[in-house]
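Trainee: Below are the sequence and a predicted model; questions follow.
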There are 2 protein chains.
Amino acid sequence: MRQAPNGFLAAMVDALGPDGVVTDSDVMAPHLVDWMRRYHGDAIAVLRPADTEDVVRAMRVCHRFGVAVVAQGGNTGLVGGSVGTPGSVVLSTSRLNHLGPVDEEASQITVGAGATLDAVHVTAAHAGLRFPVDLAARGSATIGGMVATNAGGLSVLRFGPMRAQIGGIEAVLADGSVISHLQGLIKDNTGYDLVGLLCGSEGTLAVITAVRLRLVPLDGPHLTLAVGVERLSAALTLLRNVRAAGVVVDSAELIRRRGVELVAAHVGKTPPTALLAPFTLLLAVVAGETVHDRLATALETLKPGELIDSLVAETEASARELWAWRERHTESISAHGIPVKLDVSLPISRLAEFEAGIDALVDRAHPGCDVHVFGHLGDGNLHVNVLGVDGSGGADWTRVEDTILRRVVELGGSISAEHGIGRMKAPWLHLNRSPAELSAMRAIKRALDPTAILNPGVILGVEAVEP
Amino acid sequence: MRQAPNGFLAAMVDALGPDGVVTDSDVMAPHLVDWMRRYHGDAIAVLRPADTEDVVRAMRVCHRFGVAVVAQGGNTGLVGGSVGTPGSVVLSTSRLNHLGPVDEEASQITVGAGATLDAVHVTAAHAGLRFPVDLAARGSATIGGMVATNAGGLSVLRFGPMRAQIGGIEAVLADGSVISHLQGLIKDNTGYDLVGLLCGSEGTLAVITAVRLRLVPLDGPHLTLAVGVERLSAALTLLRNVRAAGVVVDSAELIRRRGVELVAAHVGKTPPTALLAPFTLLLAVVAGETVHDRLATALETLKPGELIDSLVAETEASARELWAWRERHTESISAHGIPVKLDVSLPISRLAEFEAGIDALVDRAHPGCDVHVFGHLGDGNLHVNVLGVDGSGGADWTRVEDTILRRVVELGGSISAEHGIGRMKAPWLHLNRSPAELSAMRAIKRALDPTAILNPGVILGVEAVEP
């Protein structure tokens, strides 16, 4: 572990008070390893600022001493973007968790970066509104982290990713200056879109301290439908026809039999027949008088032999049970070890081609491994998890990652759909981004963080300056 | 007129061919004055690149000679952002007007920056799809210009502004390097959001050459409803109740009696009674079986005395006639002279307060002038046009602008909702943007355009470097 520069910790305690600076290694430990247990970080302290002014003071001290700052929300990221680096401090947003009142006239709410997604859901629902981004880590994932990574989740096909939900941001730049644009105006063309730029910048341009979020009306009840089909292309056709029939689709998830069987073994339950098809499309749609008929008509458009079985959840409890088969993929996979975990997107027109070839391709790169593919079908977004590759992050690991990512790019896809680049995918960013684009990104990074103290190594692989 | 640096024009003709470089003052003239006839520009040539490679060559020559480049689409902007400055070249995108085929699977299309909005509407409609941004200048406004200014228009409340419709951008940076990200993937978190940053940068960070646009399904028929009310607050209540009743509102425009009377005099027609109320809310909603009932119920929620009259357009022709009362505001105002023309947004909760006081406030700043207020009610976006102020851009003019813009900011609004900052509002940008924000924007500008040759003076008031 690298030592703090002389006087740094004292200056930080001066700035934040003793409660704001954690150096006890037991307390620090959970902040220095990611959720997957793949990335083990290091830091000279964990900072716990209580408000934006604390973040300003902390940034000024770090700027003065040249100490790197790794902002951390719920630490639920999957690309190694939020654990510390040697000689850095981890800035935890856990105390910046205030929840503003819901502004019902504007359908918006201002929350601290450390507010959890779950807390925002609950607060919005109390006002008869809904925050339309949702993902499995909702109990720990924070709004700040979700903005910093432009998180996606289950309802992107209907509402867009985090970037589409942001009415404004408050953030602290590397030199401690504060950018605050929290009015939440629907239209506001006053210069460069700093809010959109910070969204997805993964803590490399600023520390986000508060966010203005847009809320949408609560839907009436949703209806959950599981459709087991023979081929992925049938799932795509069905989704297209359901939407063309005017059914409002809230989420459209794809799972494969292999994944369902893994979950079944993990949770000790027998899946319904519709989920034991080669592919299952799970749909949550907005219920309504004519929805059953429209769904039935859309199902009839499938070619003979394509449909294996379908199942409508009639109660909320049975809907939750159906969704659990999708949501418990991640934990069921993790129970077998640390997977190679990739999150990619493809043009919808190449999705079936990608899926059809990926198992054999990965098997050639690393014989005997176990490939799990699932994800957000409507967005062309697949999660590819590979079990059975030894030596997390070693040469075998890298070969599997490289094989999958190059195949994605070959088919016109993106190496990161929603997880971000982090430390994990930085070596492959050049597959998706031209030298001109990388150079423009580096120029922006230098412009806003000239001494490179914000989350060094993330996205662009820029090294931290030595203190 | 400033002279071209020695050798510049010859180098440019070498780069673009003689057809690509216009120096004839008659041909240049329409490129050097804006639509309002307020901004009279100057340039040493108008460039007409035929493709992206031409733009690259042109930018390299300009970079080498230190000549400023003002990108120009349809020249329909309203803030003086697209006319040349002394010693600059105007780069017209008129020949970059290709229309790609509609990608029906992805519901997207790639078009050249010079394609007009109208051409995109027509092409999308042929494929049974719709490009959901619309505005009155559709016949001339180009997609490149609309992206560069993050244009808004009539259906922002339903679909969002241009930024929400962009699947990707191709653009040429100041040094001639090309950023090309046109895949149109729904999810793509690979580094900083350059696409979103260029959108709204008004030609100061890059020249946009092509855009990937998202299309939406064509609706069934729309129904147009005009509701005359006594007070602006009633129009807001009605709009809220119509949306809460589940009616899909495509546009919601506000006009005032004074504006209707001006249009009536200009076009020589008598308006229907509903349009002679103090305020008229014009709604386009998606038609459907229960829509008439829902609208009637929403109308019943108005307090007694609030509703003056309402009118449903039963045919497409009568709907067009109703909308013409709104769309012809701009030309009817212009027929009386060059107006002080502002485009502002306010929190919905302060909209009525702003409108109620603005006539008297402007009258105090400039007695006897004529204030017209109309705009996109659902977005809190009002256009404020003032006739009867002499001396375009002079001291009286500035006092009126200053009065209105300061009042907007006092109520928590934005000095530019959808027109952008351009040259016109640069002196007031500091009202909405803090020193830290302006400093961050300047740093980004320097990072991407270190010699400040891209549209100097626009947004940040940065001066062009001398050649």
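Mentor: Right, received. Where do you want to start?
Trainee: Check the spacing between the residue nearest to residue A:42 when sequence neighbours are not counted and residue A:4 real quick.
Mentor: Distance criterion CB to CB, 6 or more residues apart in numbering or on different chains; nearest residue to residue A:42, sequence neighbours excluded, is residue A:86 at 4.5 Å. Glycine gets a C-beta too; all of them are placed from N, C-alpha and C. Separation of residue A:86 from residue A:4 (CB to CB, to the nearest Å): 11 Å.
Trainee: try residue A:287
Mentor: With the distance defined as CB to CB, residue A:287 ends up 57 Å from residue A:4.
Trainee: Pick out whichever of these two has more residues nearby.
Mentor: Taking other CB atoms under 10 Å in any protein chain shown, residue A:287 and residue A:4 do not tie; residue A:4 has more neighbours (20 against 15).
Trainee: Which of the three states applies to the more buried one?
Mentor: Secondary structure of residue A:4, reduced to three states by DSSP: H, G, I helix; E, B strand; the rest coil: coil.
Trainee: which bits of the stretch 301-450 of chain A sit near chain B?
Mentor: Selection of the stretch 301-450 of chain A residues close to chain B by CB under 8 Å from any CB of the partner chain yields A:345-349, A:376, A:378-381, A:412-421, A:429, A:432-441, A:443-448.
Trainee: Just those: which are in helices?
Mentor: By the criterion of DSSP state H, membership of those in helices covers A:429, A:432, A:435-441, A:443-448.
Trainee: Going by distance to residue A:255, which of those wins?
Mentor: Set against residue A:255, the nearest of those by CB to CB is residue A:432 (26.4 Å).
Trainee: Now the closest residue to residue A:335 other than its chain neighbours: which helix or strand?
Mentor: For residue A:335, ignoring the flanking residues on the chain, the nearest one in space by CB to CB, 6+ apart is residue A:266 at 5.6 Å. Using DSSP states H and E, the element containing residue A:266 is helix A:257-267.
Trainee: That helix - contacts with which helices or strands?
Mentor: Helix A:257-267 sits against strand A:279-286, helix A:316-327, helix A:329-334, strand A:370-376, with contacts defined as 3 or more CB pairs under 8 Å, 6 or more residues apart in numbering or on different chains; DSSP states H and E.
Trainee: Contacts only, for residue A:19.
Mentor: Residues near residue A:19 by CB atoms under 8 Å, 6 or more residues apart in numbering or on different chains: A:48, A:50.
Trainee: Let me know the secondary structure of it.
Mentor: Under the three-state scheme (three-state DSSP), residue A:19 adopts helix.
Trainee: Tell me how far it lies from residue A:53.
Mentor: To residue A:53, residue A:19 is 15 Å away according to CB to CB.
Trainee: again with residue A:267
Mentor: Per CB to CB, residue A:267 is found 46 Å from residue A:53.
Trainee: again with residue A:95
Mentor: Using CB to CB, residue A:95 is found at 12 Å from residue A:53.
Trainee: can you pull the contacts of residue A:192?
Mentor: Residue A:192 neighbours (CB under 8 Å, 6+ apart): B:197, B:200-201, B:205, B:441, B:444-445, B:459.
Trainee: Need the pLDDT of residue A:467.
Mentor: Note for residue A:467: predicted pLDDT of 33.
Trainee: List buried members of the ones in helices among the residues of the stretch 301-450 of chain A next to chain B by neighbour count.
Mentor: Neighbour-count burial (16 or more other CB atoms under 10 Å in any protein chain shown) applied to these gives A:429, A:432, A:436-441, A:443-445, A:447-448.
Trainee: what about stretch A:162-173, how long is it end to end?
Mentor: 21 Å (CA to CA, to the nearest Å).
Trainee: Just give me how far stretch A:97-110 sits from the chain centre.
Mentor: Offset of stretch A:97-110 from its chain centre (CA atoms, centre = their mean, to the nearest Å): 23 Å.
Trainee: List the buried residues in that stretch.
Mentor: Within stretch A:97-110, the residues that qualify as buried are A:97, A:99-100, A:102-103, A:106-110, counting by 16+ other CB under 10 Å.
Trainee: I'd like those written out as TSV, with pLDDT and secondary structure added.
Mentor: Converted to TSV, the buried residues of stretch A:97-110 look like this (pLDDT from 0 to 100; DSSP: H, G, I helix; E, B strand; the rest coil):
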residue	pLDDT	secondary structure
A:97	98	coil
A:99	98	strand
A:100	95	coil
A:102	97	coil
A:103	95	strand
A:106	91	coil
A:107	94	coil
A:108	97	strand
A:109	98	strand
A:110	98	strand
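Trainee: can you tell me which of those lies nearest to chain B?
Mentor: Among the buried residues of stretch A:97-110, residue A:106 lies closest to chain B (CB to the nearest CB), at 6.0 Å.
Trainee: My read is that the closest one contacts residue B:349, right?
Mentor: Yes: contact criterion CB atoms under 8 Å: residue A:106 and residue B:349 qualify, at 7.1 Å.
Trainee: For residue A:100, which non-adjacent residue is closest in space?
Mentor: Excluding its sequence neighbours, the residue lying closest to residue A:100 (CB to CB, 6+ apart) is residue A:110, at 3.9 Å.
Trainee: I figured the one you found hits residue A:182, correct?
Mentor: Yes: between residue A:110 and residue A:182 a contact is recorded at 5.6 Å, counting by CB under 8 Å.
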